[in-house]
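Chemist: Predicted model follows, preceded by the sequence.
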Amino acid sequence: GAGVSQSPSNKVTEKGKDVELRCDPISGHTALYWYRQRLGQGLEFLIYFQGNSAPDKSGLPSDRFSAERTGESVSTLTIQRTQQEDSAVYLCASSRDSSEYFGPGTRLTVL
Amino acid sequence: QKEVEQNSGPLSVPEGAIASLNCTYSDRVSQSFFWYRQYSGKSPELIMSIYSNGDKEDGRFTAQLNKASQYVSLLIRDSQPSDSATYLCAVLYTGGFKTIFGAGTRLFVKA
């Protein structure tokens, strides 16, 4: 596709449930990033993938959060046992050099 | 701790005026600098990148970088109401792979 795509666009879940968010990067982009943005706040870095290198997981807020990426393709961000404070927009971005291009985000609401 | 600082605003300018957005960063060893625009409820969109000292112009936008003073700015000439958004400054540090984002400056252009 022409841009980064994410699914679902909206997700409403109950506290304690697991959720999986998907990101399709721009073809040929070796780097992929996940960010969290709470309402009215800035971007919070979560995790970074670069090719087949070990990911930089330094931004993951707890062990309930995990992410996977196979090669230079799709990535999934999984949040286990969701909490209300996990409610936010989760943004994925990909890049080929240093410029990042963002997907439309997934709005997660934990009731 | 590498930081990117921006005035949260809001910055309000009349239509047709020049809007000046500023950003400072904490680490001298820095590499690439970016400005993103984020409309309310949307994902960030890359509008400018700058890598060397001086000015870089693209249409109504001019990015200015001063590495000695550790600041980067964005000028928007002939501001339009459609420029009303949050502007995020981002810095990629030398040897690093993840971009550090500022919290953003909200800009309002009054018609």
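Modeler: Nice, I can see it.
Chemist: got the residues of chain A near chain B?
Modeler: For chain A, the residues in contact with chain B (CB under 8 Å from any CB of the partner chain) are A:31, A:33, A:35, A:41-43, A:45, A:48, A:50, A:56, A:59, A:91, A:98-105. All C-beta spots, glycine's among them, are computed from the backbone N, C-alpha and C.
Chemist: May I have stretch A:86-97 as PDB, with CA atoms only?
Modeler: The C-alpha coordinates for stretch A:86-97 follow below in PDB (Å, rounded to 0.1, in the frame of the first residue of the first chain):
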ATOM      1  CA  ASP A  86      -3.700   1.500  28.800                       C
ATOM      2  CA  SER A  87      -6.500   3.500  27.100                       C
ATOM      3  CA  ALA A  88      -4.700   5.600  24.400                       C
ATOM      4  CA  VAL A  89      -4.000   5.800  20.700                       C
ATOM      5  CA  TYR A  90      -1.300   3.400  19.600                       C
ATOM      6  CA  LEU A  91       0.600   4.700  16.700                       C
ATOM      7  CA  CYS A  92       2.900   2.700  14.400                       C
ATOM      8  CA  ALA A  93       5.500   4.300  12.200                       C
ATOM      9  CA  SER A  94       8.000   3.000   9.600                       C
ATOM     10  CA  SER A  95      11.100   4.400   8.000                       C
ATOM     11  CA  ARG A  96      13.700   3.600   5.400                       C
ATOM     12  CA  ASP A  97      16.200   6.300   6.400                       C
END
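Chemist: tell me what the helix-or-strand element of chain A with minimal mean pLDDT is packed against?
Modeler: Using mean pLDDT, DSSP states H and E, the weakest-scoring helix or strand in chain A turns out to be strand A:44-50, at a mean of 92. If you count contacts as 3 or more CB pairs under 8 Å, 6 or more residues apart in numbering or on different chains; DSSP states H and E, strand A:44-50 packs onto strand A:31-37, strand A:65-69, strand A:75-79, strand B:99-101.
Chemist: and the angle for it with strand A:31-37?
Modeler: 170 degrees (axes from the mean of the first three to the mean of the last three CA atoms, to 10 degrees).
Chemist: what residues are up against the residue lying closest to residue B:27 once chain neighbours are set aside?
Modeler: Nearest in space to residue B:27, with sequence neighbours left out and distances taken as CB to CB, 6 or more residues apart in numbering or on different chains, is residue B:2 at 4.9 Å. Residue B:2 makes contact with B:25-27, B:91, B:93, B:96, B:100, according to CB atoms under 8 Å, 6 or more residues apart in numbering or on different chains.
Chemist: So the least confident helix or strand in chain B by mean pLDDT, near chain A or not?
Modeler: Lowest on mean pLDDT, DSSP H and E among the helices and strands of chain B sits strand B:99-101, with a mean of 87. Yes. Applying CB under 8 Å from any CB, one finds strand B:99-101 touching chain A at B:99-101.
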